[in-house]
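Peer 1: With the sequence up front, the predicted model follows.
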Amino acid sequence: MMPLVELAETPLANKTNDHGRETSWRILQIAEREVGRIILDIHDGPVQNTFAALSQLSITQRQLERRFGSEAAEDIARIGSSMRLLEHALNDIRTFMGAFRPPEFERRDLLSVLEGLIMQHEESTGSTILLEVTEPLPDVSLPIKIGLYRILQEALSNASRHGHADQHIVSLASDDVTITMEVADNGIGFDIDQVLSDQEGVHIGLEGMRERVSILGGKFDIWSRPGAGTQVRIVVPYRARTC
């Protein structure tokens, strides 16, 4: 793993009071519930309709082949092309649904939620993820589970899509008041200053992670350079410090 001492620190100012942070947490919970509703609507609507259309086209294609054979070759080929396009669209929708389906945050503990995400990412990308956990991890509130899940999801996605990484190390540890999550990869890396100045997708992803950490009252650090991979470190409080 790359040394944390080389991380380029990005300190976050605490711009919200406790009431403001609680409001942000509630907004996150509402947003996750809305995502769940949208996913169900997509499954019950577009996915089912697309599958039904594929079935009808398959029946039509077989009927044309049986009745007209080579005389309808062009029409049969056009139907086959349309079916392939629909199959690709259906696969894309299912991939999207898998990425954004809320993983029963309330019922499952933090480690279980993150393990599920890691397995899903490995299956969909073919990459390898080593999970290192300093146990035991504490029970945490719902906003922290949601936040860390989405941050890890974005970190792995950025590493695969933009960094072309196929190996990752995810480390989790905690002390009496905070949880630390580190995500390192073997990707191509990037110039942080350049990316932040360019309006690229990875920039949007970094801002999204940083914003979630800010809502949780934590700290976000990132280290990267071209040809040397990327590492992020997130430290969030899960209980208030006592004097």
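Peer 2: Okay, I see it.

Peer 1: shaky segments in this protein?
Peer 2: Applying pLDDT under 70 to the chain flags the ranges 1-34, 36-37, 39-40, 95-103, 196-204, 240-243.

Peer 1: what residue is smack in the middle of it?
Peer 2: Most central in the chain under Cα atoms, centre = their mean is Gln153, positioned 2.8 Å from the mean C-alpha point.

Peer 1: CA atoms only for stretch 175-185, dumped as CSV, please.
Peer 2: What follows is stretch 175-185, C-alpha atoms only, in CSV (Å, rounded to 0.1, in the frame of the first residue of the first chain):
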residue,chain,number,x,y,z
ASP,A,175,-10.8,4.0,17.6
ASP,A,176,-13.0,5.3,20.4
VAL,A,177,-14.5,8.2,18.3
THR,A,178,-13.7,7.8,14.6
ILE,A,179,-13.8,5.3,11.7
THR,A,180,-11.0,5.4,9.1
MET,A,181,-11.5,4.0,5.6
GLU,A,182,-8.6,3.9,3.1
VAL,A,183,-8.9,2.9,-0.5
ALA,A,184,-5.8,2.3,-2.6
ASP,A,185,-5.5,1.1,-6.2
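
Peer 1: Can you give the contact residues for that stretch?
Peer 2: 1-2, 4, 110, 137-138, 140, 144, 148, 151-152, 155-156, 159, 163, 165, 167-174, 218, 229-241 (Cβ atoms under 8 Å, 6 or more residues apart in numbering). (C-beta placed from N, C-alpha, C; glycine too.)

Peer 1: Could you do stretch 77-97 as well?
Peer 2: With Cβ under 8 Å, 6+ apart as the test, stretch 77-97 has contacts from 39, 42-43, 46-47, 50-51, 53-54, 57-58, 60-61, 64, 124.

Peer 1: Apply 6 Å and report the result again.
Peer 2: 39, 47, 50, 54, 57, 61 (Cβ atoms under 6 Å, 6 or more residues apart in numbering).
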